[in-house]
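have a look; sequence and predicted model below, questions after that.
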Amino acid sequence: MQRKPFIENVAGTIRYLAFEPWLDAGVRHGFIGSSLSFRTESLAGDASSLCRALGASRLMLLDQVHGTALLTVPLQSEATRPGIEPAAGLEILGIGDGMLVRPTTGTDFAAASRTIYAIRTADCLPILISSGDVFALVHAGWRGLSSGIVEAAISEIQRLSKSPSPPTVVIGPAAGGARYEVGAEVLAAFNGRAVHSPVKGSKALLDLSGTCAVAVDALGAKAYPCGICTMIDSRWHSYRREGEQAGRNLAFVVC
């Protein structure tokens, strides 16, 4: 069996999963689970902890709404949404479920001007996309996935990137096809494009990662799902397993 190209790494006390080819290339990125909670009430403290661990000055998040809006970060990574002021190393870029950035490479985490760009998930797909010099971070539940946010992100990254290579799509921990039960209305939203298995009645088990991979393959890009189910693996926060008390996982790229 071919080994999945993922590796567990540590920064201070924070454990995270990384895509090994990108890590080897010096791209600072990863998927963080229960090392931090990233609940709304603890965001400031968790942002401070993460910035210290990665040697960054701030954590930039999105105001996520399960939509398809993509925000492009200026090359200098200095512009913020009007009216949003820095608070304890935490800023909100704007309303959306995906952002495009140019990452920093190299082994030195000490640059104080660096920013951690990230999305939060708790069963939805955390997706990192690269075509060499541009990265996209995407939050995709069934609504965003069925509405084409991944296709939109790939199209935009191809427009912005100077690389001739097809995009690489890395899919982090999310609700898996063995546990994620949905109704007929969810399957209908995909118009026959959902990877799923039937269960009793009109219910089905939806494979979010598999559905995403099929869409990616259709665009000529390459998908790498990590294969971790948040509903099963307690190292990751899961809304379906923990309910309202669930924390949030973080997918990040350092720029």
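Right, received. Where do you want to start? Numbers count the residues shown, from 1 in each chain.

shaky segments in the chain?
The chain contains residues with pLDDT under 70 at 1-3, 74-88, 104-113.

residues in contact with residue 117?
With contact taken as C-beta atoms under 8 Å, 6 or more residues apart in numbering, residue 117 is in contact with 60, 73, 93, 99, 101, 137, 252-255. C-beta: built from backbone N, CA, C; applies to glycine.

same thing but 6 Å
Neighbouring residues of residue 117 by C-beta atoms under 6 Å, 6 or more residues apart in numbering: 60, 101, 253.

what do you get for residue 15?
residue 35 are the contacts of residue 15 under C-beta under 6 Å, 6+ apart.

phi, psi of it?
Backbone geometry at residue 15, expressed as degrees, to the nearest 10, gives phi -100, psi 140.

re the thing from before, now, the contacts of residue 117 that are in strands?
With strands taken from DSSP state E, the overlap with these comprises 60, 101, 253.

so the first one makes contact with residue 118?
Okay, so that is residue 60. No - contact between residue 60 and residue 118 fails when scored by C-beta atoms under 6 Å: they sit 7.1 Å apart.

quick check: neighbours shared by those two?
Counting by C-beta under 6 Å, 6+ apart, residue 60 and residue 118 have no contacts in common.

please, which helix or strand holds the residue nearest the centre of the chain?
In the chain, the C-alpha nearest the mean C-alpha coordinate belongs to residue 126, at 2.7 Å (C-alpha atoms, centre = their mean). Assignment of secondary structure by DSSP states H and E places residue 126 within strand 125-130.

and the contacts of that strand?
Taking C-beta under 6 Å, 6+ apart as the rule, strand 125-130 contacts 31, 136-138, 140, 153, 157, 167-172, 174, 208, 212, 251.

with just CA atoms, put that strand into PDB.
Coordinates of each C-alpha in strand 125-130 appear next as PDB, following Å, rounded to 0.1, in the frame of the first residue of the first chain:
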ATOM      1  CA  LEU A 125     -13.200  20.100   4.700                       C
ATOM      2  CA  PRO A 126     -10.000  22.100   5.300                       C
ATOM      3  CA  ILE A 127      -8.400  22.400   1.900                       C
ATOM      4  CA  LEU A 128      -5.000  23.800   1.000                       C
ATOM      5  CA  ILE A 129      -4.300  24.300  -2.800                       C
ATOM      6  CA  SER A 130      -1.000  25.200  -4.400                       C
END
